[in-house]
Every structure is written in structure tokens, then in C-alpha cells.
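Undergrad: output the structure for:
(2 chains)
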Amino acid sequence: MKTKSFIKRTKKGDVLRIVREHYLRNDIGAGTELLEETNVYRPEYTPLTAKAAHYLVLDTNIVLHQIDALEQSKLTNVIILSTVLDEVRGNSMKTYKRIRKLCSAQERHFYVFSNEHHRDTYVERLKGESVNDRNDRAIMVATQWYHNRLKNKMKVILITNDKELIARSKKNNLNVQTIFQYAKTLKNQPEFVDLLYHPQDESSEDEDEDENNKQKPKNKKTNEIKMKDNTNQSKKKAKTKPKPKKTTIYPSHYSEMKLREGISNNTLLQGVIHFNRNNFLEAHVTVEGQVKDILIKGRQRLNRTIDGDHVVVKLLSKKKWTTQSNQIIEEGGGEIETIDELNKIISKMDQNDKNNKTVVKKSQKAKGGNNKKQGFSIRPTGKVVGILKRKLRPYGGSIEIDEFTKKNGGRNENILFVPMDRKVPKIRIKTRQVDRLVGKRIVVVFDHWDQNSYYPNGHYVKTLGDIGDKEIESELILIENQVRYSPFCKEVLDCLPLKQEKWQIPPEEIKKRKDLREYNIFSIDPPGCKDIDDALHVIPLQNGNYEVGVHIADVTYFVKEGTAVDIEASERCTTVYLVDRRIDMLPPLLGENLCSLHEKVERLAFSCIWELTPQSEIVNTWYGRTVIKSKAALSYGQAQFRKDNLKMNDQISKDIRNLNMLAKNLRAKRVQDGALQLASPEVHFSLDSETQEPLDVEIYKIKEVNHLVEEFMLLANISVAKKIQATFPSSAMLRRHPSPRDGAFDNLLACLANVNCSLNIESSKALADSLDKCHLKSNPYFNTLVRILTTRCMTQAVYFSSGTVEYSDYWHYGLASPIYTHFTSPIRRYADVVVHRMLAASIGISSISKRLSNKYEVEKIAKVINHCHRMAQSASRDSISLHSLIFFKEKLMDEDGYVINVKKNAFIVLVPHYGVEGIIYVSGKDGKSKVPNYNFHFNEKKQMLISNKLTIKVFDKVKVRVESTKTVEHGGNIKIILSLLKPLRIISEYSHSFNK
Amino acid sequence: MEYVNQEGLRIDGRRVNELRKIQCKLGVLKRADGSALFEQGFTRVLVAVYGPREITQRRKKLHDKAIINVEYSVATFSMTRRKKTSKRNKISQEIANSIRKSFETVIQLELFPSSQIDIFIQVLQADGGIIPACINASTLALIDAGVPMTDYLCSCSCSFIDEENLLDLNHLEEDSGGAIVTVTLLPEYNKITLLRVYSARIKMKNFEAILKLGQNGCQRIADLMKSAIKEHTINQVNSRGIL
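TA: Numbering: from 1, shown residues only, chains lettered A, B, ... in the order given. Sure thing, here's the model as predicted:
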């Protein structure tokens, strides 16, 4: 039971010497069926089988880099050493979790051998030995131990790519192989090779023995570097292995030392990089504490970054600062093989830069340096000199097909993978199963990006299914937007009431609450709505005032803080609405049944009841938990009908009219304060009930009663926000909408000047007023169009913790409210659940948890919700795009569209009827005009494309043809193609695809 | 931080229900009436006992029994960070107090009216489980001094971390944020004299099991202490040439 001896292990922190005990044991088993072990402690693992061909021992680097391969393949009987596990955990917690999961998988027979605590396999670090070397030795000693114990019974193979370890193990007569050698022996698993991560060119692995010897010291070095610092790797490699054939394409990254030094003395800046959606060669870096983003242009300056990376940037001298380019560049078709071609592209990029610069210079002269009003300001420009942390995730997409790949299918092949995300570059992968991947949606992981490689290298992870299959595409949308769509797990479902659907409100709960079951409460929602989270009532009072109540589903009664269902909801954050499905935040039993305020059933609610004057002034407010019984669940249409049809004189119809009157007052007051009415081209698909194929598209129509419900929800949200802010001045979960950034409207104003309109952007009030005045007689859609474009200039509203921002910044720009939060939809938004808890605490019916009273914790929650919220919106948008694609499949329609943006080589058209947007190019990559007889010239000041016969400017009405076709170069993606019909007549060659 | 890995090993390689290596030495100080050095892993405590002797502070005198005076001090070099702690600070006094109270139940104080027994505790190295180590060391020193007691006093710490009941926490495990339960037991009567739960709360449903684990640990420590005392006695008898 007790240990035999113990030794010291030191660990140096800053200046501390930490001494820990380290017990060595003799009761750790080898975990195999071959040996009978009597004193093994915990038989919770699945033992290594006696039937296996051999046992594998893996090196740390193998686990770190080949985790995908290990997961996907069918390797069994693997021994994982605790040395390896510790190293993996030190390097990547994510990988650690994955390997742990593998180890507990029953059918895989992975066994964790605690060699660090075994008396015979513990290795003490020798003097002058590095930690890595010690660990390598520990791995070898453990392998040796297994080898000796299983001498005649089983072959034990050590898998490692470390040359030195291989050499040393061979000296000790151990079986040792590299992962590539091993993969070749696996005849029955051809896909295993594809799954491998390739740390360097495989060719070097296959080279002759003596060549190998020559390369040994170099390879060892690269290996070591990779362990420590991934970003450094390529640079060092370039030094040690200069290849005369290939010149380096990208400049080196700085060393870590230099980066740190630069950051500390402010010569270098660090921040997160965001790529431009329309131009993959342009990005900006947001630096914390700096108002202006840094612009980065060109492949060289971007220097192998991927969207979302944490990078270090060096500012260029002011002379080189440029404007944002006006071009739309999508990554071109085939891979660029030769340097000539590459140089051409690079020089062209430079030329573009120069062109821009000259334009700027000229205009600067003309305007005397007053370039701010002109629409495009020069922005700080920089280049990337180092990557601190990559933001990697699996990317979904398809492989690119060209003639070359088609012919050579079957052999080991380098092919290009085209990610769905336009901001991510193409990734080169190696595969032997090209023919199996063609026309499929696959998932790929980024490995590394060498200096001398045009594209990053990655490897294949899994196949989702066929391109164009609606299920697969929808799944891809969810993956790409990182939406959790797996069904609710058992722990979550266990938190729900035991009686399931038959659950009823316990009588003692009713006693605790205000009983509003006799009240005339009803709800108004979109037709077919299952998760009804709000209901209303109104009662005229004796004194001429009205009592109005908003009743919100009491989700927090079921979802107690810290339970599994709460944690799950906090991770999902929001219900995601796709066109054909809904990814719920709460299990359906709660969302659609127990919480949902259905008609004629008793439900728990959290209510907010005001006394309002007929002018809708608040006299007093009451908050509290209630029990209600909705009298009717109306749809917007039904409610509108009851309101308009004056013959209907039942109680509900009267109430609706009263509410409408009050809502109108509220709305008028809000508009007076400067609330904005914005627009976005929301579309609604009517789906075939059986095939779920979209049948028709229509723009969502807003009825008067929509505004009715909206007004009271806003009123409830604002009242609750005030209440929780008063109780928790530093930790209330609120929502704010910052004023638009300086210069956000520059572009739009320039365009509006062309049509003799203008907007006053000084305040939201001024903006709202001027928006109302924006009308063009020739174009009835103009006003909506301006509103759509105004919306796009705005910043996004965000959740925040009240203590982290000044009170004056609580302002909600769009609603013109000094304070705002979300309270009214707890079934589909997690923020509302948090607000419910805070409100309950602030009216003294429950206590607040430690977490929700700490402003940093609340801010953390808010950040997560903001992120999920953005992702959910993006997923919905993608889903709509997908359905428009399917809708337009094999259709050809001519529609009216409007120009909404003009770039140097293209313009963007919105087709309002279908909510479809697309790019139409006027000139090709080579700069030549794509339109015969029309030589378009871009006027930056006026935001127009001008040719001898025609000008194209924003707000122009055009006639376009909408169709969807298969594109060849993108692996058979279906794309919607817009082509211009009027005023230019049909020129379909230069049409281009609408992105998805 | 993973306090217990899936192989059932703790960070230092122990199982969940294993004690650290324990070593006891009696009679290490010649001037004191009784003394003991108690080591549990890297935790090391030295205790000197004086008395029963005449009371030094008159006003504390009790005419029907002796009083116990406990002084607890921690060496500046005992932890990773060098730190001076005074004997008078709140934590030291609280620990001293709880040790005094638990010994009042086992020492037969009424045999020595108007006198006092001094217990001086010096923590030389702290690596978790200080209070239990102090109690165990004091028991040994008291026995060495020949103070009549009704039973031993054995103590050990335990906790509930990562869904596992752990026995005998080291410093790292004490910092995990889980509750630290100190159980002090009369091994013969199997009665608990001191029970401290601090630094976090513990759920009632887990508590029973933890208590059982602690009691078990105390019994094992008692066995070790007994054999140490036996060995010490035999050595003394031998050195005096009685047998």
C-alpha cells in the first residue's frame, strides 16, 4: 500500500523553489490481458487485448499533431504514457481532452500507463539534460519496460518522428517507426495517411539512408523548435534548409524575444486581425486602447495570418499609409505554381496600391489635405510581423476541382480545399482519395503555413456528405458558425420536472405568487409560434388610467442557476432560427410546453404591471412573480383583424384597441426622443410541408399589432433595466447600442449627395428626422433602401455589465433610450434568464448568487452571449442564403434590383423581392474591361462608375437576371448568378456569383 | 488542475485513501521534559512539552486542576515564500486555542492542581495538514513527557475534491478550493474530539463518507504512533540497561 521511496522534484516559478513529493509505486499494472497481475489497483480501463498484432507507444509530438488521425482511424491497443499526457496537457488543453476521451473509449483499447509513478520506469533528470530530452528518455525507458515484460508474447512498437529518439531506441533493440512508416504498413486503412499531419515534406522522409544522416541535425533542430514555438518554426527551417528552387514568398516573422521587446516598448502593436469580407487581401487589426484600426493590405504584409489570429503589427511610415481599397477580390481559380505568375500578382497588388496612393495624393492636393469629408480617410497601415496565437477551428468546405485533379485521382495528391468562409484562405491538403472527396462537403484542419508556400497546409478530418444536400449544407452552416446543435444530453434532461408533460403547478407555489388566473390575459405572436414567452393584459381603472401588464414566461423557476440545464443554456446562449429548423436553447419540454404561455392553461409568469395614464405616462410599476391563465393565443393576423373589425366587441378585441391606443402614444414619444426606424431585407420562405423545399419567397410584412407588442416589450425592458441597475449598479446585465463610429456614414453620405439627399447624423433624433425626409419620387423603394444602408453603418448592440462602462455610455442609440436590457424572451435568449434572476433578487424574492454580483463575471457572461448572438445571426443569414440557392435552382428570373455599393471593379446589387445580394464585375482581374464598348472608370469622390455612355451609381435601379448554376472551380458549389439586363442589355459573361 | 487523474492517482502519485510517508521521533530535545518530531510528507513539526510545573501567571491559576498553555509558531522558512508570522496573530491563536481545547479532554488535569503544562509547537516545514501534524506531534511529546492521558489524540485532514474523497491533503490539494476537514479522534474510544471544516462548504450527503475516511486515517496514524512509541521506549530501556 505504501510507497517505497520518494524523491524531490523542483519546479522554478518566478523566483520560487517549489518542492513537491513524488511517490513511486509498485502496484501499477501493464494493463494487458497477457499478463496476470494480482495487485493492480483499479480495473476501470479496457485492457489491451491479447489478440492484437502489436501494441503501440506514442510519442508526445505524435499525439499533439496527429490527434485527428488517432480519433478518426481505427487504431487500437495503444499505450499512452503519463509522461506524454503531461506534455500534451502543457501544450494544448484541447488536445489533452481529446486524447483523454479516446482513452476512455471502450472499443479502442487505449491504456494509460502511469510510468511517471512506476518504480521501474521513473526517470530522473540528469545534470545538463533538457526537459525534452528527459521526457524522451522516459518514453524510451517505459517502452523498454513493456518490451521486456512482453518479450515473447507481443511486439511493442514505439512511434515517433524524433530522429534522435529513433536512433537511441534502435540501439536498445526496440521496435521503432515513424508515423509515416507505420501508416504505410496499414494496408487496410488507406485513408489513415490522409489524416496525418505533415510536419515537413514527406519526400525527405523517403530519402536514402545517407541523406537522412546528413539531415539529421537539422531535422532534430526543427523538431525541437516546433515543440517550443510554432511561429518560429518556419523561419528557422528556412535558414537551415535553404531550397534554391523555391524562393520565400512571405517575409519571416520576428523572433519571440523581439516581439516581446517591441510590444513592451510600444514599437510593435498587438491585436486581433479581422479580414475584409469582400477582399481577402485586406484586413484590419483592432488594437486594444486604440481608437483607429490598423489597415493591412497585401499578401506579403498579411504574412500568413488567418482571420481571428492574435497578431503583432508594425506600423509603416506615414508615407505608406493608404486608404481602404475599393476593389472586390475573390480568391482566384487554380493554384499558382510558378513564381512568375506569383510575382505578377504581387506586383499587380503593389500597382493597385500605388494607384490608390496616387489617387489619394491627387485628391489630397485638390482638397488641401481636408480628406475627411471626402469620404475616404487615410488610415494607419501596418504589416504583420508575428503571430502570437492562431485562432484555429475546423473549416468546412469542399475541394477545388480542375482538370489536373480529375485525371490523377487515386494517387497521393496535393489538392486545394476551398473553405466556406470567404475570410479563410484556401488550404492545401494531401489525399489519396481525391475521387471520393469530389463533390463532397468535407472538414479540414489547418496545420502550418511555411514561408515558401503560397497556401497553408492542412489535413482532412472528415466527410460530411454531398454538396447541395440540404441537410448537409445546413449542418455545415451550424459547424461554420460554431452553433451547438447536438441534442440535449441526459444530465440536462434529468433537470426537468419528473412528470414531463403532466407537470402541474404545485399548490404551494401558487400561494407564493400573485394570482392573475382570472385576468383577461392574451398573447400575440407570429402564426405557428410554439414558444410563447410573453402575454399582455389591460384593465381600464376607475380614475381613467389603465393597468397594463406584461407577463413573461418564468423560465428561472425551472432553470435554476448552476444546474446542468442552466449551464447548457448558458453555452447555447440563444435559440438559433434557421429557415427549416430551430436550434433550441432550452429543451423542448420547457420551451414549447411548461414555460410557454399557451392559451387556457395555468402557467407561471414573471410580470411587470404598470398604471399608465391615457397619455401613456407611467404612474407606478409593480414587478413580481405571478400565475396566469392565458385566455387566447392570437397570431398577428388574428389580432389585427380583431382590432380593425369594429363589430367585434368581445373583451379581447376591446383590450387590443385600448392597448393599441396606448402603444401609439408610447411610440410617438419614442420617435420624438429620436428612436430610429431601420430596415433590413428580411425574407420569409414558405416551405413545402413534406420535402421542406422552399416554394416561395416573400418579404416579411409588418402589421400594426407587431408594433403594439413591440412597444410594451420595450417598455418592460426599459423598466426592468432601470430596476436592476438601481439594485446592482455595478453588475446589472444591460444592453447598449453605441453611437456609430466617426466616419461610418462617409460613404453613404457621398452616395446620397449624388441624388441630392442628405442625412443629419449628429444625433439619433436628427438622423431619424432626416431619414423620414429621404424620399425620391422616381423610386418608391428609395426610403427603405436608405434605411437598409443606414442600418449597415451602425455598430451592433451589445450586452454588458453595468459596472464596466460609464453611465453615459449605457445609451441605446437605436431606441433612443438611456438604459435598456432584454427581459422579455427568456425562452430563447440567455441574457433574459440572467436578467430574470437579477430582477428577482432586486425585488427581494430570491438572493443573488456570488457570480452574478461580480461585475467581471457578468461581463464575461455578456461577452459569451454577444459572441453567440453574432454567430446565431450569421447562421440565420447563411440559412436564408442557402434556401434562396435552392429556390433558384434551375430557375431563371428577371427582377428589379438596386445598386447598393460601387467598388472600383464591380458593383453590388440588391434584389429586394428575394433579399438576394450579388456582385457584378465590370472589369476582370487583369484590369481589362469585361464589358465590350464600355470602359468603366471609377470616380472615388462621387462613388460612381463612369463610362462614356453610362454611369452606375448607388441607388440606381437596374434590371438583373437571377439564376443559379454550378460553378466548376469551386468543387461544384451551386451559386446564384446575377447578370445585368438593364440599362445595359444582357451582358452575361461578366456576371458573378453571389456568395454564400 | 486535475487533482485525481483517471488512473486514480493524485498529483504526487498517491491513491485517494493513502497517507503520506509518516515518521515520528521522540525525545529529540534534551532540555524539554518531553519532545517529538513528527513528519508527514514534507510537513515537519517539532513540539516541546514542559510540565506539569508551577504556574507562571498567577491570575490564570486554577486550584482544582492544571491549565494547558499552547504556543504555536511557524518558522519563517517553512513555506515557499519566506514570511514572518507572529505568534500573536489571529490564525496562530485560533490554531493554538483549538489544540489546547482538544487536549483538555484527554489530559488528566485534575491530577495536577494549580500547575501548568506548556506545549510549544514549532512548524519547521509546512506542506499541508499542519494542524493534524501539530496535534499528533503534541500527543507524542506529551507521552514522552509522561503526562497522564486517557487516550491518544490522533488527527488527520481529508477533503472532497474532483468528486473524490481525499485523505491527507498536501499543500497543493489544500489550495484547490475544496473544503478542508480536520478530524481529531480518540482512537481507543473512537470518539471525535475536534472537527474543523474550513475554506469551503461541504455537502451533507458527502460528509458522512469523508468523516469515515478521516476516522480511518486517524486509526492508521494511531497505529504508526504506537509503534513509534514502543520502539522509543524499548530503546530507552535498553540504553539505561534495565533489561
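Undergrad: what's the longest helix in chain B?
TA: If you go by DSSP state H, chain B has its longest helix at helix B:204-240.
Undergrad: can you tell me which residues contact the residue in the stretch 451-600 of chain A positioned nearest to chain B?
TA: Closest residue of the stretch 451-600 of chain A to chain B, Cβ to the nearest Cβ: residue A:562 (13.0 Å). The way it works is simple: take the backbone N, C-alpha and C, and place the C-beta from them, glycine included. Neighbouring residues of residue A:562 by Cβ atoms under 8 Å, 6 or more residues apart in numbering or on different chains: residue A:849.
Undergrad: that one looks like it's in a strand, true?
TA: No: counting by DSSP: H, G, I helix; E, B strand; the rest coil, residue A:562 is not part of a strand but coil.
Undergrad: contacts only, for residue A:141.
TA: Residues counted as contacts of residue A:141 (Cβ under 8 Å, 6+ apart) are A:115, A:121, A:123.
Undergrad: is the longest helix of chain B anywhere near chain A?
TA: No: using Cβ under 8 Å from any Cβ of the partner chain, helix B:204-240 never reaches chain A; the gap is at least 9.7 Å.
Undergrad: could I get the full set of strands for chain B?
TA: Along chain B, counting by DSSP state E, strands occupy B:22-26, B:34-40, B:43-54, B:67-74, B:115-125, B:154-161, B:164-167, B:180-186, B:191-198.
Undergrad: point out the most buried one among those.
TA: Mean neighbour count (mean count of other Cβ atoms under 10 Å in any protein chain shown) peaks for strand B:154-161 among those, with a mean of 26.
Undergrad: gap between that strand and the chain center?
TA: Relative to its parent chain, strand B:154-161 has a centroid offset of 12 Å by Cα atoms, centre = their mean, to the nearest Å.
Undergrad: just the angle for that strand relative to strand B:22-26, thanks.
TA: Angle, strand B:154-161 to strand B:22-26, by axes from the mean of the first three to the mean of the last three Cα atoms, to 10 degrees: 160 degrees.
Undergrad: in its sheet, what does strand B:154-161 sit against?
TA: Using DSSP bridges, strand B:154-161 pairs in its sheet with strand B:164-167 (antiparallel), strand B:180-186 (antiparallel).
Undergrad: need those strands in TSV (columns: mean pLDDT).
TA: TSV is the format used below for the strands paired with strand B:154-161 (pLDDT from 0 to 100):
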stretch	mean pLDDT
strand B:164-167	89
strand B:180-186	92
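Undergrad: chain neighbours aside, what residue packs nearest to residue B:198?
TA: Distances taken as Cβ to Cβ, 6 or more residues apart in numbering or on different chains place residue B:180 nearest to residue B:198, at 5.9 Å, with adjacent residues excluded.
Undergrad: what's near enough to touch that neighbour?
TA: B:157, B:159, B:169, B:174, B:196-200.
Undergrad: just give me the closest of these to residue A:167.
TA: Residue A:167 has its nearest neighbour among the contacts of residue B:180 in residue B:169, at 44.1 Å by Cβ to Cβ.
Undergrad: wait, the closest one touches residue B:157, no?
TA: Yes: with contact defined as Cβ atoms under 8 Å, residue B:169 reaches residue B:157; the gap is 5.2 Å.
Undergrad: for those two, list the residues in contact with both.
TA: B:128-129, B:180.
Undergrad: can you pull out the low-pLDDT segments for the stretch 51-200 of chain A?
TA: A:187-195, A:197-200 (pLDDT under 70).
Undergrad: please repeat the previous calculation with a cut-off of 80.
TA: Across the stretch 51-200 of chain A, the ranges flagged by pLDDT under 80 are A:51-53, A:68-75, A:104-108, A:125, A:151-152, A:183-200.
Undergrad: what residue in it comes nearest to chain B?
TA: Counting by Cβ to the nearest Cβ, the stretch 51-200 of chain A gets nearest chain B through residue A:117, at 3.9 Å.
Undergrad: tell me, how many residues neighbour the residue lying closest to that residue once chain neighbours are set aside?
TA: Distance criterion Cβ to Cβ, 6+ apart; nearest residue to residue A:117, sequence neighbours excluded, is residue B:13 at 3.9 Å. Residue B:13 has 21 neighbouring residues, counting by other Cβ atoms under 10 Å in any protein chain shown.
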